[in-house]
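1. Structure, please.
(3 chains)
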Amino acid sequence: MKEAGIQTIRIGEFAWSKVEPREGEFTYEFFDGFMETACKAEMKVIFGTPTATPPAWLTEKYPEVLNCRMDGVKFRHGMRRHYNYNSPVYQKLSARIVEKFAGHYASHPNVIGWQIDNEINCEADVFYSESDTAAFREYLKARYGTLERLNRELGMIFWNQEYTDWSEVYVPRTTIHDSSNPHLTLEYYRFVSESAGAFCKMQSDIIRKYMKPGDFITTNGMFGHLDNHKMMDEALDVYTYDSYPNFAYCLEEDPIHSKGLNDRKWSNHLSRVRSVCPHFGIMEQQSGANGWNTRMEAPAPKPGQMTLWAMQSIAHGADYVSFFRWRTCTVGTEIYWHGILDYDNRDNRKLGEVKALHERLRPVRDLAGAGYLAAFGVLEDYDNLWDADVDVWHRRVEKASKKEIFAASQLSHTPMDYVLLSDSTEYEELGKYPVLFYPHGLILTERRAEVLKMYVEKGGCLIIGARTGQKEEHGRCVMAPMPGLLADLTGTAVEEFTFVGAVDGTVCMEWNQRQLDTGIFNDILETVSEDVKVLARYTSNYYEGKPALTERLAGDGRVIHFGGTFTRETVQALLEYTGILSPYEDEVKLSPECELCVREKDGKKYFFILNYSSQEQEICLGHEMRDLNSGEKRTGRICLKGYETIILE
Amino acid sequence: MKEAGIQTIRIGEFAWSKVEPREGEFTYEFFDGFMETACKAEMKVIFGTPTATPPAWLTEKYPEVLNCRMDGVKFRHGMRRHYNYNSPVYQKLSARIVEKFAGHYASHPNVIGWQIDNEINCEADVFYSESDTAAFREYLKARYGTLERLNRELGMIFWNQEYTDWSEVYVPRTTIHDSSNPHLTLEYYRFVSESAGAFCKMQSDIIRKYMKPGDFITTNGMFGHLDNHKMMDEALDVYTYDSYPNFAYCLEEDPIHSKGLNDRKWSNHLSRVRSVCPHFGIMEQQSGANGWNTRMEAPAPKPGQMTLWAMQSIAHGADYVSFFRWRTCTVGTEIYWHGILDYDNRDNRKLGEVKALHERLRPVRDLAGAGYLAAFGVLEDYDNLWDADVDVWHRRVEKASKKEIFAASQLSHTPMDYVLLSDSTEYEELGKYPVLFYPHGLILTERRAEVLKMYVEKGGCLIIGARTGQKEEHGRCVMAPMPGLLADLTGTAVEEFTFVGAVDGTVCMEWNQRQLDTGIFNDILETVSEDVKVLARYTSNYYEGKPALTERLAGDGRVIHFGGTFTRETVQALLEYTGILSPYEDEVKLSPECELCVREKDGKKYFFILNYSSQEQEICLGHEMRDLNSGEKRTGRICLKGYETIILE
Amino acid sequence: MKEAGIQTIRIGEFAWSKVEPREGEFTYEFFDGFMETACKAEMKVIFGTPTATPPAWLTEKYPEVLNCRMDGVKFRHGMRRHYNYNSPVYQKLSARIVEKFAGHYASHPNVIGWQIDNEINCEADVFYSESDTAAFREYLKARYGTLERLNRELGMIFWNQEYTDWSEVYVPRTTIHDSSNPHLTLEYYRFVSESAGAFCKMQSDIIRKYMKPGDFITTNGMFGHLDNHKMMDEALDVYTYDSYPNFAYCLEEDPIHSKGLNDRKWSNHLSRVRSVCPHFGIMEQQSGANGWNTRMEAPAPKPGQMTLWAMQSIAHGADYVSFFRWRTCTVGTEIYWHGILDYDNRDNRKLGEVKALHERLRPVRDLAGAGYLAAFGVLEDYDNLWDADVDVWHRRVEKASKKEIFAASQLSHTPMDYVLLSDSTEYEELGKYPVLFYPHGLILTERRAEVLKMYVEKGGCLIIGARTGQKEEHGRCVMAPMPGLLADLTGTAVEEFTFVGAVDGTVCMEWNQRQLDTGIFNDILETVSEDVKVLARYTSNYYEGKPALTERLAGDGRVIHFGGTFTRETVQALLEYTGILSPYEDEVKLSPECELCVREKDGKKYFFILNYSSQEQEICLGHEMRDLNSGEKRTGRICLKGYETIILE
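-> Numbers count the residues shown, from 1 in each chain, chains lettered A, B, ... in the order given. Sure thing, here's the model as predicted:
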């Protein structure tokens, strides 16, 4: 391992039984022995808490700790995360085992950090046990005080769903057509996030009592129904991510016909991680074919892909990369979740890649801490993400636009950030972006509308899409024309709106003599203020000639209101119009098959160029640069082989 | 509202809690206030009983009122119809709340009618609670008397399913491959219909005690496993229908490639409604895009479509049309079930259409009570409809032929009626149709065979298709050659039969030098009586040359036996052969894109012409007619714009 | 019946209630009457035990006898096999009813044999009742002794699944993503097989106490999770099979585009049956369209197909053929499981075929007992079959290769056998095949590796494919290079391996200037012994140029190691290379549409030629032969009509 440049290993994350083989009996033999070995080998250790897999004795004795299907059938032992965060018993036993792990090992000199649980909310991000119902009632009481208020604010009047007693309140249960009150469900997702966050914080608080100064607490993400930003703030020192770009080549995918950029889509995920934690780590970097015995069949990474994907992580801000896993597991569900080494434990070409990567990264170590340079931002908030889980109309537009904005950013080499918009977001967090997209902010709050207005007035350019301002915080529709709380700013009102149906074909708008697809949903705009400029109008369907894209100057900035959902062509046109398209074109010209990431530290820019294609790609430098790996000066044309990456300075 | 011509509103249908917020506590404040407003505004009111959505306090205290999945998991609060009709507790509480509603409001001068529950059997038309099992046992006891008879008549001998005690009898439960005894399941569907009907009648009986003379009782349909004709007879004064033709354009549909006529398919549904109640009402006429937050995404109706669909209702016999709903709901599952007004409550083009329609209909008010003129009838009975739910072989032929007969009727402008065939159907109900199709009467009873024979002997032309007479009333196969009880009449016997398999291609018959597709199932006919004429023979598959279509004269009429399932081409050929094709061809020539409906009153014919296409269509009048809206005389060619409708006299 | 050549009928298999209508009340009236009739008609009778369908009184009184869904919901009365084999109550009651059946009827002169239960493991081959859990614990205790050993050998350490008490052990239960420990699941399938086998043996032991000398015991197969070979050895005298080739033409199939040979695939199934019992019977030979009221819609067999399929059974070794069923059932789930006669009970063309077949087979009766002549064998073992049920990666390669080996055998007229490989397989069972394929023996044991080595050393040619030797008996991966226990023999090691992904296109190997598809999974081979000859190398993907096919001579034989999954082209090339392709080419030349089977008795060869196509096919005899049906001498070209069959000697 050491030879391959591996300096740190993570252990313990599923090993509850190894330390507490029977209730209340603790033994440290196994990990003491392991730590001794680690000491001798001078390996650093990240210790995982084992709460993701309760032992068999625990779930058998206390079945109330188990998570359930919505219909009440308990999930049993044999997988992961079959417990619920709200069981008092599980909380107590988890606290005790974490106390034991931390108490015994936190002072160990080779331990450098702690991972809480494993992949929180992975495998399950909905919880239906009786403990969850009990905790949900408390959560709602704290938030709404009275049932009258809850009934009113969650629209329980619809279909006669009003509660008259707290005992009538449950987490979502089995209903006909699986249709529960959407506002309650949205609140429930918030509750799931709170529950997971509190479970994480409970562990973090314990570990902090024992942890050596300089050690860190992390967990590895990122999964659904979880406010990662809040969890980061309250419980973690650093955020880590598990990066598996090879999922794009699984049997159930269609990488040839996909417009989703395949493994390169992980750059999108990594941008979200960066939003949580600008300098994050990769706790699990893909090192082989992946799959379970039951599903997810994927081919082996091609030579170069492991390196490419690790470089993708680094290019996007990872300052720590750990491959998962050293040796392919020979037993259990994950025998096809291949590690660096195969079952036979022999040296192989993947280990060769790891070694080569280690060598290659030696000269670029100083890069740690460099910032990622984004040309624009995409606003995102948990309210709308979770509302899209509740509301399929919302989901469709959300998914379509996010995918296409990312694609436009990638293909035009205009790097982007995801930017959190919450009620505590300050102007300063937005002001650094000349342009911000907020594609479908259906749910808007006054506080958020305020900060967006300030952003515009202070010189920013805000671009919003269809459905903006449709709802308030509970997902209830606002009884005012869209874009609701932003209508003053945009000077527009949505006159009418419609899905684009199968018989409607592609509906376009004409903008500067170009026909641009307005996507799968169209808000028909009208201008209600004289200073609004109509940039483009629809050119078909029954609203032909009606405004599709408007612009209004406000303060030192401007707001662009787009009635449709975004396509990569529309986004590219908007980037061009706002003057931020392809900002590094003078430095380096490259084909769409390559990704360009730029990190900056101490005034120096580092250009990462990643070739995702199996084919050779040519790039062209605008001026002389230094290849950080070889140290050579480079100029003019450079050929990147299939999957090759290069870091230039 | 008044301005838009809206004179009547329906209220109360989900408002149990508003009147009984806690068990046994009644308050009339909310609706008293509302009725006062209605009085002032001179609005008429249809009051709905609130039993479709029991309150949370009720389902929490009496979980036995809940309906269940087949596997026993209860459906919980949050949707509609989560109760079962057979719970004694629910019957008692429902009776009481209806008594309160009716007792308090029936005498109110602005109340003109009552709607019982809402969309009975919508969302759920199967019920698996313990109360259902208890009631099912009583139902079976009443019908069969002894288990010996039940075992015999329902074929329980198969796979050793014989009951030895009534306690062994249940509504269908979980079985391997979801396969229960088909005869018991057919009986169970009859039981569901009886249960729903009794629940409706219970309410009707209560309301009648309080109702003002002249007011009416209705409910809005139409849904599965419910004998609407019987319910109409026993409990209702008028039947209303909820018409949502826009479903044809939902995301999950394929309106471009569909051969099912899209929104025009609702003319088929309306014809079924007309069979229940010749002069029906529309309780909910589509007024916007529809959908829930969980499913069913549909585009907004195009300008003109709302009017078109309302005219479709009227053309088919609706004498009352109420749009659903005034304002789009801002909370709950149906925020995308758009009303006339959107969330913002502003005047809009849909309200404009409603107003225009109101103006337009002013001159045609006298039309109310006019009869629909059908050129032929399609016999339908609940036994075969429900048997097709049990028997997938039956279902396939049923669906295929019904769809195609309707399509042929529409495209050739040969209007049709659905005609109920039950054991109490009298000759008089059939005799008015020169031609009757009974496409796949698998289940035949002696009484029905009798009336069909009388129909033929008295001059009718009966056309039957494959599988006719295969079964008796319990769905058991008859041990006699098909068409069983009609064999004497047809003079034929089915020698053999087969699905048309994938390797068989299209199997045709030759009729008058034309090759006509014999559909997805073929009965191979033989003539057993000398007076049978073979009209056409199969031209491929192993039964090439065997009779496919025969005719026999009987009494003053004739019977045509077709071995296949119907296609639109075959039906058109049969309409032509029987001399009833396109009966209004001399009055008006029109393209297949337009529907022609003819209503008659006091000897005057009213021609409704509806253009379902977005394109302009030309029609051509055979003689001068009067446009009922404009009062103008029209002659020769008339251009109908996309979605335009016209009423001529 | 007699007229049609029917001499034997099977009765009783679902008739528990007929003999024990109430618990403990026995009556023999029904079958006594029946046997009397059989006596008079001189019909022989096979008596079935009725345990496949417990009566309603039994399941109502003892619900613990019912099988369950994995989530614990009981399967109820109404289908078959809704019981579990391990319920002590069901075992007791089953033993008693079998005792009654056998005690009363075994001595009857017309009874010639007994069928135990009906289609054991059909409809359900997984069982989740509490009795199953109790029995599973005992099974595991007997096999592993201690939990420590069980934990270790089944890899329970993965995801912290270690048991600390036997009470924590269950049959698989509901888990997130339906993912249980794969090694435990594999053991569970073995347990299911043991349970079913023990249930069958319990009945067999009872019947043997009463059975007349010369009578036989059988059951009809073949279904999943059941070691038929062991059941045959321990409990049966002869094995019977239910042959329904018409499934290939069901609605859900795509017989036009299938590469799976449609009805001819049943030759593959029959070869498996032959492996269990070389001279088997057909208990149910298809005699009509098949289907249930809930699913499986199939067309009627074409004229000739019933005969073809019966001849297919005989050609593959059936010495007894019984059509299912005489008359189509008029009630219950199987009204579309058509018999010879239809509902109407009239003489028909299917009965004509049965009669003609009976006449035709009269001259070939002596053929009974003739052996099937296979040119090569395909090794199969239950461990790998069931591991493929647990492991989807395994399943995909297993299914692909088996299908293609069979296809190559069929299309090249190189007959094959399936050959069981178990730990008790002796060299003698293998030695008679010059070539043995063992396509994907992932699980290998030392005993099996030994016998394979002996086979090679004594002159056999063993051909293995990808993944061979990946696992040990519990499905754990071996920590040694593949092919594991066969590596010494092959002189190869698998360097790396991968699924062939969607972006990889078809990966080929070049062998003698031909490009041969290496299938869906590729093991990249390396030679580790000098005497290994590389026959072919990969020609694309990142392992282009690496060995794909190697050969090593060992003792008097040789072993061929193929890195891919088999295609029909690859198999044909291997058959050619090993010199066994088309062994009867000199005797008879025939098109790929026809199957050739050869049976031999007393030194005489019988050539069965079966035309599966609806089209006429020409065959060409190499020398004069005798047509066994007509007795005529034939030579040169013979035309076979669609579906026609011929037996030549």
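2. Centre-most residue in chain A?
-> Per CA atoms, centre = their mean, the C-alpha nearest to the average position across chain A is that of residue A:272, at 4.3 Å.
3. which residues sit in contact with the most far-flung residue of chain A relative to its centre?
-> Distance from the centre of chain A peaks at residue A:530, with 40.3 Å (CA atoms, centre = their mean). If a contact means CB atoms under 8 Å, 6 or more residues apart in numbering or on different chains, then residue A:530 has no contacts. The way it works is simple: take the backbone N, C-alpha and C, and place the C-beta from them, glycine included.
4. now residue A:125
-> Here residue A:125 is in contact with A:192, A:223, A:224, A:225, A:226 (CB under 8 Å, 6+ apart).
5. Could you rerun that using 10 Å?
-> By CB atoms under 10 Å, 6 or more residues apart in numbering or on different chains, residue A:125 lies in contact with A:81, A:189, A:192, A:193, A:196, A:223, A:224, A:225, A:226, A:389.
6. hang on, the third one in a strand?
-> To tie it back to what came earlier, the one meant is residue A:192. No - under the criterion used here (DSSP: H, G, I helix; E, B strand; the rest coil), residue A:192 is helix, not part of a strand.
7. Ramachandran angles for the closest residue to it other than its chain neighbours?
-> Excluding the flanking residues, the one nearest residue A:192 by CB to CB, 6 or more residues apart in numbering or on different chains is residue A:225, at 4.4 Å. As for residue A:225, its main-chain torsions (degrees, to the nearest 10) stand at phi 50, psi 50.
8. repeat for residue A:388
-> Here is the backbone geometry of residue A:388 (degrees, to the nearest 10): phi -70, psi -20.
9. returning to what we had before: residue B:395: which of the contacts of residue A:125 is nearest?
-> Of all those, residue B:395 sits closest to residue A:389, with 35.4 Å by CB to CB.
10. check contacts around the nearest residue to that closest one once chain neighbours are set aside.
-> Closest residue to residue A:389 apart from its sequence neighbours, by CB to CB, 6+ apart: residue A:189 at 6.4 Å. Taking CB under 10 Å, 6+ apart as the criterion, residue A:189 is in contact with A:125-126, A:172, A:224-227, A:382-383, A:385-387, A:389-390.
11. what about residue A:189, helix or strand, and which?
-> Under the criterion of DSSP states H and E, residue A:189 resides in helix A:182-210.
12. Could you do residue A:103 as well?
-> Counting by DSSP H and E, residue A:103 is part of helix A:88-105.
13. distance between the helix or strand that that helix is followed by and the chain's centre?
-> Using DSSP H and E, the helix or strand that follows helix A:88-105 in sequence is strand A:111-115. Centroid separation for strand A:111-115 versus its chain: 23 Å, with CA atoms, centre = their mean, to the nearest Å.
14. How many residues are close by residue A:171?
-> Neighbour count for residue A:171, taken as other CB atoms under 10 Å in any protein chain shown: 26.
15. Tell me how far it lies from residue C:9.
-> Using CB to CB, to the nearest Å, residue A:171 is found at 59 Å from residue C:9.
16. Also residue A:80?
-> From residue A:80 across to residue C:9, the span is 56 Å (CB to CB).
17. Those two: which is more packed in?
-> Ranked by neighbour count (other CB under 10 Å), residue A:80 and residue C:9 place residue A:80 first, with 23 against 17.
18. so what's that one up against?
-> Taking CB under 10 Å, 6+ apart, one finds A:13-14, A:52-54, A:117-119, A:122-124, A:333, C:159-160, C:175-177, C:179 in contact with residue A:80.
19. tell me the strands in the stretch 251-400 of chain A, going along the chain?
-> A:280-286, A:318-324, A:371-372, A:376-380 (DSSP state E, counting those that start in this stretch).
20. Make CSV out of the ones you listed and add mean pLDDT and mean neighbour count.
-> Formatted as CSV, the strands of the stretch 251-400 of chain A follow (pLDDT from 0 to 100; neighbours: other CB atoms under 10 Å in any protein chain shown):
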stretch, mean pLDDT, mean neighbour count
strand A:280-286, 97, 24
strand A:318-324, 96, 21
strand A:371-372, 98, 16
strand A:376-380, 98, 24
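21. Please produce a markdown table containing those strands, extended by distance to chain B.
-> What follows is the strands of the stretch 251-400 of chain A, written out as a markdown table (distance: least, CB to the nearest CB, whole Å):
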| stretch | distance to chain B |
| --- | --- |
| strand A:280-286 | 34 |
| strand A:318-324 | 36 |
| strand A:371-372 | 36 |
| strand A:376-380 | 21 |
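22. Report the buried residues of stretch A:404-424.
-> A:404-422 (16 or more other CB atoms under 10 Å in any protein chain shown).
23. In helices only, show me these.
-> A:404, A:405, A:406, A:407, A:408, A:409, A:410, A:411 (DSSP state H).
24. quick one on the thing from earlier: is the helix holding residue A:103 positioned near chain C?
-> No - if you take CB under 10 Å from any CB of the partner chain as the test, helix A:88-105 misses chain C, and the best it gets is 11.3 Å.
25. Next, the angle from that helix to helix A:182-210.
-> Using axes from the mean of the first three to the mean of the last three CA atoms, to 10 degrees, the direction of helix A:88-105 lies 30 degrees away from that of helix A:182-210.
26. now helix A:88-105, how far from the centre of its chain.
-> 29 Å.
27. Pull it out as CSV, backbone CA atoms only.
-> Provided in CSV are the C-alpha atoms of helix A:88-105 (Å, rounded to 0.1, in the frame of the first residue of the first chain):
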residue,chain,number,x,y,z
PRO,A,88,-34.5,6.3,21.5
VAL,A,89,-33.0,2.8,22.0
TYR,A,90,-30.9,3.2,18.9
GLN,A,91,-29.8,6.6,19.8
LYS,A,92,-28.8,5.4,23.3
LEU,A,93,-26.9,2.3,21.9
SER,A,94,-25.3,4.4,19.1
ALA,A,95,-24.1,7.0,21.6
ARG,A,96,-22.6,4.3,23.7
ILE,A,97,-20.7,2.5,20.9
VAL,A,98,-19.5,5.9,19.5
GLU,A,99,-18.4,6.8,23.1
LYS,A,100,-16.5,3.5,23.2
PHE,A,101,-14.9,3.9,19.8
ALA,A,102,-13.9,7.5,20.4
GLY,A,103,-12.9,6.9,24.1
HIS,A,104,-10.6,4.1,23.2
TYR,A,105,-9.1,5.3,19.9
